[in-house]
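1. Need coordinates for the following:
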Amino acid sequence: MTDRYAVFGHPLGHTKSPFIHTEFARQFGEDLTYEAIEAPVDGFESALRRFIDDGGVGANVTVPFKLEAFGLADHAKDAARICGAANTLRFVDGRIEADNTDGVGLVRDITRNLGVPLSGARVLFAGAGGATRGAVAPFLAQGAEITIANRTVAKGHEIEALLGDRGPVRAVSYENLSGYFDIVLNSTTLSLTGKAPPLPDTVFEGARLAYDLVYGKGLTPFLAKAEARGAQVADGVGMLVEQAAEAFAWWRGKRPDTATVIKAMTVPLV
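-> Next up, the predicted model:
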């Protein structure tokens with residue numbers, strides 16, 4: 001019997017997840033289907049439970065349902081508990097299990113695909129939302145030193161209090177940001193509207209990598225500023241594919257090759 005998977009979100013008009021997971025399944029000859037289900041904003045739980053009742057065995061979850069997905073889980077892995085949000089679910093013996101693969105997907109893209117080590121790296125996150133919250137723990141596990149800059153410093157302090165026992169984490173306002181960094185990441189959504197976080201130019205001086213978690217937007221203002229100061233630049237397409245590979249491996253017990261899929265989805269940074 002063909003296994004059913006899906007991605008839930010709203011809206012889902014441009015989701016790449018069906019393409020990615022279909023390519024992964026093709027690598028192993030896996031018998032599965034993967035569909036996009038655009039649930040009503042107030043109807044995620046009913047849509048999810050209907051999918052499970054109809055034989056669904058696993059799902060990805062994107063905005064705006066990640067928090068609700070976590071709340072519905074009977075069991076959550078550490079990565080999901082840290083950020084209070086789930087982007088990957090699997091259904092086992094009537095139970096919903098939750099994970100969040102975004103952070104480890106980002107780590108894999110930076111360290112393996114881009115060849116930039118995190119051990120001892122001074123890392124700056126612009127933004128203190130869910131993307132940063134999910135990434136800090138796996139970055140610390142790699143030996144990175146984390147600074148979080150955000151307009152509302154209290155949000156950064158929440159992450160600092162939550163994860164500071166795992167490694168060096170500090171939160172500052174954009175106005176009080178100073179120092180030099182090896183890796184600078186834009187985890188805000190400002191690039192979707194052609195804007196950039198208010199980072200001083202000095203943070204890019206000597207930076208090895210500038211990474212925009214938004215993907216498919218070309219050379220965003222954030223990346224353009226970094227490139228002008230000599231940093232290697234990358235967008236989030238590799239993270240998208242790598243987090244999907246982590247989900248596939250959790251579901252199927254097989255980790256797909258990501259290189260060809262990333263290449264097929266890459267938009268030139270020009």
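2. so where do the helices sit in this protein?
-> 17-28, 44-53, 66-72, 78-83, 102-108, 130-141, 153-163, 221-228, 237-252, 259-265 (DSSP state H).
3. which residues touch residue 43?
-> Applying C-beta atoms under 8 Å, 6 or more residues apart in numbering to residue 43 gives no contacts. Yep, even glycine has a C-beta here, placed from its N, CA and C like the rest.
4. nope, residue 66 is what I was after
-> Contact partners of residue 66, counting by C-beta under 8 Å, 6+ apart, are 85, 86, 87, 100, 130.
5. Quick one: neighbours of the closest residue to it other than its chain neighbours, just the number.
-> Using C-beta to C-beta, 6 or more residues apart in numbering and skipping the chain neighbours, the partner closest in space to residue 66 is residue 85 (3.9 Å). Neighbours of residue 85 under the rule other C-beta atoms under 10 Å: 25.
6. Please apply the same query to the one 4 residues further on.
-> Other residues near residue 89 number 30, with proximity taken as other C-beta under 10 Å.
7. can I assume it is in contact with residue 95?
-> No. Between residue 89 and residue 95 there is no contact under C-beta atoms under 8 Å: 10.3 Å.
8. picking that back up, mark which of the contacts of residue 66 are part of strands, please.
-> Within the contacts of residue 66, no residue falls in strands by DSSP state E.
9. Most neighbours of all those, which one?
-> Using other C-beta under 10 Å as the neighbour criterion, residue 100 leads the contacts of residue 66 with 32 neighbours.
10. just to revisit the earlier point, lowest-confidence one in the contacts of residue 66?
-> Among the contacts of residue 66, residue 130 carries the lowest pLDDT, at 88.
11. so residue 125 bridges to which residues?
-> When bridges are called by DSSP bridges, residue 125 pairs up with residue 148, residue 185.
12. so residue 173 touches residue 154, yeah?
-> No. In this structure, residue 173 is not within contact of residue 154 by C-beta under 8 Å, at 10.2 Å.
13. between the two, which one's more packed in?
-> With neighbours defined as other C-beta under 10 Å, residue 173 and residue 154 compare such that residue 173 has more, 13 against 9.
14. Please report phi then psi for the more buried one.
-> Per-residue torsions, residue 173: phi -80, psi 160 (degrees, to the nearest 10).
15. before we move on, what about the one 5 residues further on?
-> As for residue 178, its main-chain torsions (degrees, to the nearest 10) stand at phi -150, psi 170.
16. Just the pLDDT for it.
-> Reported pLDDT for residue 178: 89.
17. what's the farthest-apart pair in the contacts of residue 66?
-> The most widely separated members of the contacts of residue 66 are 86 and 130, with 10.8 Å between them, by C-beta to C-beta.
18. hang on, the earlier thing: of the contacts of residue 66, closest to residue 243?
-> Using C-beta to C-beta, the contacts of residue 66 come closest to residue 243 at residue 87, 7.0 Å.
19. Phi first, then psi, for that closest one.
-> phi -110, psi 0.
20. which residue is nearest the centroid of the chain?
-> residue 102 (3.2 Å; C-alpha atoms, centre = their mean).
21. residue ranges with poor pLDDT in the chain?
-> Under the criterion pLDDT under 70, no range of the chain is flagged.
22. list the contacts for the residue nearest to residue 66?
-> Contacts of residue 85 (C-beta under 8 Å, 6+ apart): 66, 67, 69, 70, 100, 130, 133, 134.
23. Then residue 251?
-> With C-beta under 8 Å, 6+ apart, residue 251 has these contacts: 5, 57, 58, 90.
24. can you redo the residues you listed as TSV with distance to residue 18 and neighbour count?
-> Putting those into TSV (distance: C-beta to C-beta, whole Å; neighbours: other C-beta atoms under 10 Å) gives the following:
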residue	distance to residue 18	neighbour count
5	9	25
57	16	17
58	14	24
90	18	17
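25. Which two of those residues have the greatest separation?
-> Maximum distance among the contacts of residue 251 (C-beta to C-beta): 9.3 Å, for 5 and 90.
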